[in-house]
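Q: next one to model:
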Amino acid sequence: MSINRREFMQLMGVAAASGMLPGCDNKNGKGKVSAKSPGKIYDIPKFGNVGLMHMTDCHAQLNPIYFREPNVNLGIGDAYGKAPHIVGDKLLEHFGVTKNSIEAHAFSYIEFTEAAKTYGKVGGFAHMQTLVKKLRGDHGSDKTLLLDGGDTWQGSGTAYWTRGKDMVGASNKLGVDVMTGHWEFTYLDEEVISNVKDFNGDFICQNVFVKDDAAFDYRFAEFEGFNESTQRAFKPYTIKKLGDVRVAIIGQAFPYTPIANPSRFIPDWTFGIRDSDMQKIIDQVRETEKPDVVVVLSHNGMDVDLKMASRISGVDAIFGGHTHDGVPAPVVVKNKGGQTLVTNAGSNGKYLGFMQFDVRNGKVQDWRYTLMPVFSNLLEADKEMSSYIEDVRKPYLKTLSEELAVAEGLLYRRGNFNGTFDQIICDALREVGGAQIALSPGFRWGTSILPGQTITMDNVMDQTCITYPETYLREMTGQTIKDILEDVADNLLNVDPYYQQGGDMVRVGGMNYTIDIKGKSMHRISNMTLDDGSKIDANKIYTVAGWATVGSKAPGKPIWEVVAEYLRNEKIAKIKKMNTPTIKGAKGNPGIAEYMGELN
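A: Numbering: from 1, shown residues only. You can find the predicted model right below:
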């Protein structure tokens, strides 16, 4: 079912009359929402004298999309039962979101398919542009900034084919003032530098340094962001003046980039959390720049941001990304400097965060925060941005519009252990490669596809488009397969956020296993079996297909070609068997609901 904008607004009128349409206006950590009429959810009351808009992890999605939030986002250790590790009804209850509302649909997975048919798609740069212009107009262009937390230049076919240039152009039109990065660094280093030069705003990262052996004759020494004395590859911070208020923004790129992604693309740069360096920068900025407000634009992931906020002082807020958590209200973290607000603004252009500060006498006195879902049916598309998107996609439209198959059920990616489109990818790897087992990375990007929707090459690129897409077919022992699962589990389930790298459990096809989320490192995985029920022997050899190797380049064809071939042959994309692990230790955890596998 599809409806036009007028019909949608009429529907929203009915919803508002029945109290089903909340706004999201959070004050001082209460994190509750209050009802608003349909045309008013983007009418944010004026407050204070500084407005910081924040988007993150759009993954090159220029057009509106569907995106299902997770029903599995487990919290381990101190993160148990705390945002962002709460899902479904527990999440709505925690943040005071009205059930069966448009915002309940935006922030949770509940009844996703039917709600998506009712409320329509989210995101899209043309609709985001309209919202950004509205906020600048309502609150003053001289009092607002637009921050981008990164993962902007990767995630679509056009971003891949233009090496991120399409997104640099879109960001410039959108008016992004400051950004940091992660997947931006998965292009070649010379491409990264070129894109940063073309970006009209400030690209900042306090935690990216040039390695000692490259610094002596650094090939990007003329790049204005490079600091020879500190060996920082990019500007660590920027100062923006909003009226009489000086705002310092410090950048924090994804700290594990050379581990989670190929270091061969960026051989001269080293990353890391570097919270001690962060504190030095904060202190330096406070002393020399005399700012009224200090914020961090981060791509750490929310758990890492929460820990960093407890260890540093002098930061008013951290605007976070990487883990794709749409969190309606900031988490207030106490530290020796007072407190720091930690936010995360979801992914895929689905949300725009808006932090308002009341700044007086050289410091923040009070604040308000709103995380707005960007509903394409509620926001007119900006004509200039729409024209840009049409032009940048035009050379690739024939390829992107190829119809491959029809989705039998809902296809989605997000969740700690498996998603239905992940299963399609694994099935494609096994079928096309002739493998017994498939392994697919637990990336958190990838848009959702509704039942009955035609799957196009555009959709497949959304799911698979990276700069190291090559597939492989290898022989592995059962022990090697277990070690891979254990290693990824240790990343996902480590109780110390500084040993997590974001992302989710590697997806598997053709095999099943049990995972103990409270188990010890390298002792969480057990009961590994093939689909036919036979036990996986540690010493036996199995054929395994996969993709996205971080080390040396794999020999096979790109994953999108494998998935496209599979879908063309299938015609109807359906799940034959979900390889979802049995989970031990998760019963009662508010970070899991309606799990498709077993809990014990």
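Q: what separates stretch 422-432 from the chain centre, distance-wise?
A: Computed by C-alpha atoms, centre = their mean, to the nearest Å, the chain-centroid distance of stretch 422-432 equals 23 Å.
Q: kindly report the same for stretch 310-320.
A: Worked out by C-alpha atoms, centre = their mean, stretch 310-320 lies 20 Å from the chain centre.
Q: over to stretch 209-216?
A: Stretch 209-216 has its C-alpha centroid displaced from the chain centroid by 30 Å (C-alpha atoms, centre = their mean).
Q: who touches that stretch?
A: Applying C-beta atoms under 8 Å, 6 or more residues apart in numbering, the contact partners of stretch 209-216 are 218, 226, 228, 230, 231, 232, 233, 267, 268, 269, 270, 271. In short, each C-beta sits where N, CA and C put it, glycine included.
Q: strands - which of the residues you listed land there?
A: Counting by DSSP state E, the contacts of stretch 209-216 place 269, 270 in strands.
Q: drop anything exposed from the contacts of stretch 209-216.
A: 218, 226, 231, 232, 233, 268, 269, 270, 271 (16 or more other C-beta atoms under 10 Å).
Q: ranges for the helices of the stretch 251-400 of the chain?
A: 257-260, 275-288, 302-311, 383-393, 397-400 (DSSP state H, counting those that start in this stretch).
Q: go through the ones you listed and name the closest to residue 250.
A: Between residue 250 and the helices of the stretch 251-400 of the chain, the shortest gap by C-beta to C-beta is with helix 275-288, which sits at 5.7 Å.
Q: just the CA trace of that closest one, in PDB.
A: Extracted in PDB, the C-alpha atoms of helix 275-288 (Å, rounded to 0.1, in the frame of the first residue of the first chain):
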ATOM      1  CA  ASP A 275      41.500   9.500  25.700                       C
ATOM      2  CA  SER A 276      44.600  10.900  27.300                       C
ATOM      3  CA  ASP A 277      45.300  12.800  24.100                       C
ATOM      4  CA  MET A 278      41.700  13.900  24.100                       C
ATOM      5  CA  GLN A 279      42.000  15.300  27.600                       C
ATOM      6  CA  LYS A 280      45.100  17.200  26.500                       C
ATOM      7  CA  ILE A 281      43.300  18.700  23.500                       C
ATOM      8  CA  ILE A 282      40.300  19.700  25.700                       C
ATOM      9  CA  ASP A 283      42.600  21.400  28.200                       C
ATOM     10  CA  GLN A 284      44.500  23.100  25.400                       C
ATOM     11  CA  VAL A 285      41.300  24.300  23.800                       C
ATOM     12  CA  ARG A 286      39.900  25.500  27.100                       C
ATOM     13  CA  GLU A 287      43.100  27.400  27.900                       C
ATOM     14  CA  THR A 288      44.000  28.900  24.500                       C
END
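Q: that helix - contacts with which helices or strands?
A: Under the contact criterion of 3 or more C-beta pairs under 8 Å, 6 or more residues apart in numbering; DSSP states H and E, helix 275-288 touches strand 237-242, strand 245-252, strand 293-298, helix 302-311.
Q: coming back round to it: may I see the contacts of stretch 209-216 arranged in JSON lines, with pLDDT and distance to residue 306 as well?
A: Formatted as JSON lines, the contacts of stretch 209-216 follow (pLDDT from 0 to 100; distance: C-beta to C-beta, whole Å):
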{"residue": "218", "pLDDT": "97", "distance to residue 306": "35"}
{"residue": "226", "pLDDT": "97", "distance to residue 306": "31"}
{"residue": "228", "pLDDT": "96", "distance to residue 306": "34"}
{"residue": "230", "pLDDT": "97", "distance to residue 306": "27"}
{"residue": "231", "pLDDT": "97", "distance to residue 306": "29"}
{"residue": "232", "pLDDT": "98", "distance to residue 306": "25"}
{"residue": "233", "pLDDT": "98", "distance to residue 306": "27"}
{"residue": "267", "pLDDT": "97", "distance to residue 306": "32"}
{"residue": "268", "pLDDT": "98", "distance to residue 306": "31"}
{"residue": "269", "pLDDT": "98", "distance to residue 306": "26"}
{"residue": "270", "pLDDT": "98", "distance to residue 306": "24"}
{"residue": "271", "pLDDT": "98", "distance to residue 306": "20"}
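Q: re the thing from before, what would the helices and strands packed on helix 275-288 look like in a markdown table with distance to residue 512?
A: Written out in a markdown table, the entries for those read as follows (distance: least, C-beta to C-beta, whole Å):
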| stretch | distance to residue 512 |
| --- | --- |
| strand 237-242 | 48 |
| strand 245-252 | 38 |
| strand 293-298 | 37 |
| helix 302-311 | 28 |
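Q: if anything else comes up later, I'll come back, but that's it for now.
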